[in-house]
Structure formats: C-alpha cells, structure tokens
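Trainee: Sequence and predicted structure, then a few things I'm wondering about:
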Amino acid sequence: MKNQLSFLLVAVCCAVLLSAVPGRTQRLIGRVTINTEKLTPEVQTKLAGLQDQIVKYINEYDWTDDSRRYNIDVLVDIYVERMEPLSYEERWEVRVVISNQGDFQASDRRWSFPYRQGDQFVHSDRFHPLTSLLDFYFNILLAQEYDKVSKLGGTPYYQKAFDVAQQSKFTEYFNQGWKERSEHIEQVRAESRNPLRELEYFFAQARNRLRVDDRKTSEQYLRVVVLRLKGMNAEDEGVQRFYQLHHLDLARMLSNLGMSPQLQELTALDPPHTATYDEFIKKIGQ
C-alpha cells in the first residue's frame, strides 16, 4: 500500500502543477451578538459600544498577508453571565461561541475581561484578556483554512495562537481558562496530528478540482484520501470528526466519479455511515 500511495501522491502533484487553481487566502468578516438578558437594564447599558468595537476589531484588520483573499464569515456569540465591580475596573464574566457556520466551532465558558464604555481595542503583541482570546481562536480558524490550501499551510497561524497562549502565562488570567487553552493548542499543533491535517488538504483539493470539472485530478486526490483513512485508527477522535463532517460529500464525490471500490471500502472503515455509502453505491450506473 505504501508504494501505491507514493505513486498516487506523485500523480496528484504532477496534475496540480499542470492545472493548479490560483492561490486564495482569507479575510474575516465578523458578526457579533451580545446576550445580556441575565443583567439588569442598568448594568446592560455599561456594555454599550462593545459589540461595535469587536466588529471593528475583526473587520478592519488584515489577518493574513496576501491581497488575494476570500471572505470567511465568523460568528461571535457572547453570553454575559455577570459583571464584577472591582475597585479599579469592571470585570465581565462571559461565555462565547465562535464559529464559521461550517467545520469550525469553539465554545469557551471561562472568558473574563475588563471593559468600560468607550474602551477601544487595538491589535498588539501584548496580552489583552479580551482581544487575545479572539486572536487565539481566529488564528486556529485560519490555520484550519490554510491547511486546505496547502499541506500543513496553517502552521504559521497555529504558531500565532500558541504565542498568544504563551503570553497568558505571565498574567493573572492564566488560571481563568488560559491553562486549558494552552493545552488545547499544544494538542492541535502536535506533529502527531499532521496526518489528519494533510487528510483535510487532500479532501479539500479533491472537492475543489471536481468543482472545476477536473475529474481526473479529483479522482487521484480521493484515492489518496481513502488510502490515508485505511492507515488511520478509526477510533481516533479526529478521524471520527472527519467522517462526521465529510462523509456525505465524500460519498457524493466518489459516486459522481464512479468510484465504487472506494465507497465499498468506506462501508468497512466507517460503519456508522454505511447507509449513506450504500445509497451512493446504488446510484453508480443508474
């Protein structure tokens, strides 16, 4: 199988050199909602302007280096739990859900930050309890997107998220969620996860090539995807997540290209979605 996989990788690389899609990078477009229903009306007024400031922080910054970009809608849903009035600041305890309405969602229940009406946020290398959390998750999101453009292409953005987590270790906020975030970024950027990251790249390229009707290259990428899956532990959480997110598109593409043997293999590799694979096997030749 190793020789077969090597041959397919060479074939895919050659095809891409001959028919590559121009590179595109990402621009974040933020939509922010702030839920304050747990607060009294008087306390709610203290958060006036926060939503607009966060939207500005997201949308008016170049998160990537390339002028050729496509938009990623980022939803930031903030649920304010309480405000703690301290002698020197008003500190807000919230939970937040950040998503791209697709394959990325982060739910964080331990976000704490100071805010007074009129505060403005700037991009800086210095740790800030509000903006650093946004930087942390946005860079993980960008890392996942860049992994789809090139193999392990998201590494610089994982590094940025790691750097933010490192900064938190020298602040009073480290034990307010940043310890867990530091552990999380260590896990997602570990070398042991590289095969999963590469799998996402091959899958994304197969889908992109089929969209432009480059069926031959798409087929080559899909063969690599199935071969990679055969060599992975089906019980691994990342592998299960891959199947959960992509089994339907994977089955549809394989069926479209008449790749019945690969669909048959997936019925054994991914038993929870056997019915889906069987359905698309029946469509081949109809």
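Mentor: Looks like it arrived, so ask away.
Trainee: Show the contacting residues for Val188.
Mentor: Applying Cβ atoms under 8 Å, 6 or more residues apart in numbering to Val188 gives the contacts Ile140, Ala143, Tyr158. Glycine gets a C-beta too; all of them are placed from N, C-alpha and C.
Trainee: And for Tyr158?
Mentor: Residues near Tyr158 by Cβ under 8 Å, 6+ apart: Asn139, Ile140, Ala143, Ile185, Val188, Arg189.
Trainee: From what I see, the second one and Arg181 are in contact.
Mentor: No. The pair Ile140 and Arg181 does not pass the contact test of Cβ atoms under 8 Å, sitting 9.7 Å apart.
Trainee: which one of the two has more residues nearby?
Mentor: Ile140 (25 against 22; other Cβ atoms under 10 Å).
Trainee: for the more buried one, what are its contacts?
Mentor: Residues near Ile140 by Cβ under 8 Å, 6+ apart: Phe104, Ala106, Tyr157, Tyr158, Ala161, Ile185, Val188.
Trainee: Kindly report the same for Lys169.
Mentor: Trp178, Ser182.
Trainee: Gln205 versus that one, what's the distance?
Mentor: 37 Å (Cβ to Cβ, to the nearest Å).
Trainee: again, but for Thr36
Mentor: As for Thr36, its distance to Gln205 is 44 Å (criterion: Cβ to Cβ).
Trainee: Settle it for me: which of the two has more neighbours?
Mentor: Taking other Cβ under 10 Å, Thr36 and Gln205 do not tie; Gln205 has more neighbours (26 against 20).
Trainee: Let's verify that one: helix, strand, or coil?
Mentor: helix (DSSP: H, G, I helix; E, B strand; the rest coil).
Trainee: Skipping adjacent residues, who's closest to it in space?
Mentor: Distance criterion Cβ to Cβ, 6 or more residues apart in numbering; nearest residue to Gln205, sequence neighbours excluded, is Tyr221 at 4.9 Å.
Trainee: Buried residues in the helix or strand harbouring that neighbour, which are they?
Mentor: For Tyr221, the host element (DSSP states H and E) is helix 215-230. Using 16 or more other Cβ atoms under 10 Å as the burial criterion, the residues of helix 215-230 that qualify are 217-229.
Trainee: Can you tell me which of those is nearest Leu152?
Mentor: Distance to Leu152 across these (Cβ to Cβ) is lowest for Arg228, with 14.2 Å.
Trainee: Isn't the closest one up against Leu196?
Mentor: No. Under the criterion of Cβ under 8 Å, Arg228 makes no contact with Leu196, lying 9.2 Å away.
Trainee: Which stretches in this structure count as strands?
Mentor: Assigned strands in the chain, in chain order: 25-35, 69-85, 90-99, 105-114 (criterion: DSSP state E).
Trainee: Export those strands as CSV, with columns for mean neighbour count, mean pLDDT and distance to Arg209.
Mentor: As requested, those are exported to CSV (neighbours: other Cβ atoms under 10 Å; pLDDT from 0 to 100; distance: least, Cβ to Cβ, whole Å):
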stretch, mean neighbour count, mean pLDDT, distance to Arg209
strand 25-35, 17, 86, 19
strand 69-85, 15, 92, 17
strand 90-99, 18, 96, 27
strand 105-114, 16, 95, 27
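Trainee: got JSON lines for the ones you listed, with distance to Leu248 too?
Mentor: Listed next are the strands of the chain as JSON lines, based on distance: least, Cβ to Cβ, whole Å:
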{"stretch": "strand 25-35", "distance to Leu248": "24"}
{"stretch": "strand 69-85", "distance to Leu248": "21"}
{"stretch": "strand 90-99", "distance to Leu248": "19"}
{"stretch": "strand 105-114", "distance to Leu248": "18"}
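Trainee: residue ranges with poor pLDDT in the stretch 151-286 of the chain?
Mentor: The stretch 151-286 of the chain contains residues with pLDDT under 70 at 286.
Trainee: What segments of the chain are helices?
Mentor: 2-18, 41-44, 50-59, 131-149, 155-168, 179-188, 194-211, 215-230, 237-256, 260-269, 274-283 (DSSP state H).
Trainee: wait, which of the ones you listed is closest to Tyr88?
Mentor: Nearest of the helices of the chain (Cβ to Cβ): helix 41-44, 18.1 Å.
Trainee: Specify the residue ranges that define each domain of this protein.
Mentor: The record's domain parsing of the chain by automatic domain parsing lists 2-20+212-283, 25-193.
Trainee: Please produce JSON lines containing these, extended by distance to Tyr201.
Mentor: What follows is the domains of the chain, written out as JSON lines (distance: least, Cβ to Cβ, whole Å):
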{"stretch": "domain 2-20+212-283", "distance to Tyr201": "9"}
{"stretch": "domain 25-193", "distance to Tyr201": "5"}
